[in-house]
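J.: Need a 3D model of the sequence below.
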Amino acid sequence: MRTHRRKPRTMYAVATATATAAATAALLVPGALADEAAPAAAAPIGFGAGTTGGAGGPTVRVSDAAAFTAAVQSAGPRIVQVDGTIQLGGMTKVASDKTVVGVGGNGRITGGGGLNISEVSNVIVQNLTISGSDDDNVNVQYSTDVWLDHNTLTDASDGNLDIKRASDGITVSWNRFHGQDKNALLGHSDSNAGEDADALHVTYAFNWFDGTNQRNPRVRFGNPVHVLNNYYDDIGSYGVASTEDAGVLIEGNYFENTEDPFHLGEASSGPGTIEARDNHFQNSGTGQAGGSVADIPYGYSVQPAQSVKSTVTGGAGAGKL
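T.: Predicted coordinates for the structure are as follows:
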């Protein structure tokens with residue numbers, strides 16, 4: 001791996017943190033099972049690196065919608081372990097200082113509802129399969145310090161993962177996205193520069209974009225956005241679009257069977273900028289880059305792109321922690 005370190009800007013000083021720690025107590029709620037400790041996990045890299053979620057709070061294991069909702073909406077830090085399949089009837093708000101993590105590979109959210117991470121901070125969603133929402137599988141808005149890691153996201157009516165409305169400091173890592181047309185939106189509107197022009201800094205690292213047709217991601221305003229060591233497979237329309245003055249660094253990714261890996265502008269949205277470095281193209285186009293992107297304000301390593309396919313397919317998605 002090659003290691004990069006660039007001078008961080010003050011507002012993005014990033015420190016490595018332990019994202020999920022052993023709980024100090026257990027709390028019972030109706031329908032919940034006490035558990036002694038949450039599973040350990042590596043800390044996030046990139047813009048979400050300061051996220052600790054529910055570390056230091058009690059641990060709750062839940063197996064039905066009522067217990068789940070009570071736990072994720074409670075006050076204070078909490079580690080919420082999802083055991084089995086939970087049917088949510090609508091978008092369910094997640095409060096600040098929460099880790100929502102699947103037990104083994106069995107934690108599932110389905111039934112027409114997704115997770116709404118709105119106007120909060122310090123949230124981890126990890127090791128879950130989230131599918132079939134009537135809206136987004138995961139919506140992030142007006143929120144900071146969020147880590148979405150080792151999830152499998154599929155078959156939402158709108159987007160698999162939408163990040164918007166001044167959200168900032170987010171890492172999206174080791175997720176498998178599949179069965180989706182409009183996949184991962186970053187910035188919802190060309191007219192929202194007032195909120196978004198100094199926000200929407202996101203790291204997408206080691207994700208598997210598995211046949212997702214478009215928006216992988218589609219970026220407005222965020223600069224820089226870092227697309228690092230992801231695997232793109234059978235992308236029908238396009239991989240990454242940089243629009244509305246966004247700046248996206250696309251680095252060390254493996255594109256396979258993807259005619260349009262990345263481009264500037266999209267539909268009626270004006271162009272942003274793209275810097276593309278050390279990507280691998282297998283039966284794919286070579287993409288459209290142009291302009292400059294703001295410096296990445298954290299240290300990181302780049303895996304050689306040729307090895308990314310095997311790394312990501314072996315490690316991305318729920319049940320792969």
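J.: Please name the residues that touch Asp234.
T.: Asp234 makes contacts with 210-211, 256-258, as judged by CB atoms under 8 Å, 6 or more residues apart in numbering. (Glycine included, C-beta is placed from N, CA and C.)
J.: I'd guessed Cys118 sits against Val146; true?
T.: You called it Cys, but residue 118 is Ser. No - the pair Ser118 / Val146 is not scored as a contact, 10.9 Å apart, by CB atoms under 8 Å.
J.: Give me the common contacts of those two.
T.: Common neighbours of Ser118 and Val146, counting by CB under 8 Å, 6+ apart, are Val140.
J.: partner residues bridging the residue nearest to Arg277 when sequence neighbours are not counted?
T.: Using CB to CB, 6 or more residues apart in numbering and skipping residues adjacent in sequence, the residue nearest Arg277 is Glu251, 4.7 Å away. Beta-bridge partners for Glu251, by DSSP bridges, are Leu228, Arg277.
J.: that older thread, going by how many neighbours each has, rank Ser118 and Val146 and give me the top one.
T.: Val146 (28 against 16; other CB atoms under 10 Å).
J.: which residues touch that one?
T.: With contact taken as CB under 8 Å, 6+ apart, Val146 is in contact with 48, 51, 117, 121-125, 140, 167, 169-171.
J.: tell me the pLDDT at Thr24?
T.: Listed pLDDT for Thr24 reads 24.
J.: who's in contact with the nearest residue to Val82 once chain neighbours are set aside?
T.: Excluding the flanking residues, the one nearest Val82 by CB to CB, 6+ apart is Gly107, at 3.6 Å. When contacts are counted by CB under 8 Å, 6+ apart, Gly107 touches 81-84, 101, 127-129, 318.
J.: Going through those residues, which ones are buried?
T.: Buried residues within the contacts of Gly107, counting neighbours by 16 or more other CB atoms under 10 Å: 81-83, 101, 127-129, 318.
J.: so which of the residues you listed comes closest to His150?
T.: Asn127 (5.0 Å; CB to CB).
J.: For the residue nearest to the closest one when sequence neighbours are not counted, name its beta-bridge partners.
T.: Spatially, and ignoring its direct neighbours in sequence, Asn127 is nearest to Gly102 (4.0 Å; CB to CB, 6+ apart). The residues listed as beta-bridge partners of Gly102 by DSSP bridges are Val82.
J.: phi, psi of Gln306?
T.: With angles defined as degrees, to the nearest 10, Gln306 sits at phi -60, psi -20.
J.: what's the burial count for it?
T.: So Gln306, with other CB under 10 Å, has 12 neighbours.
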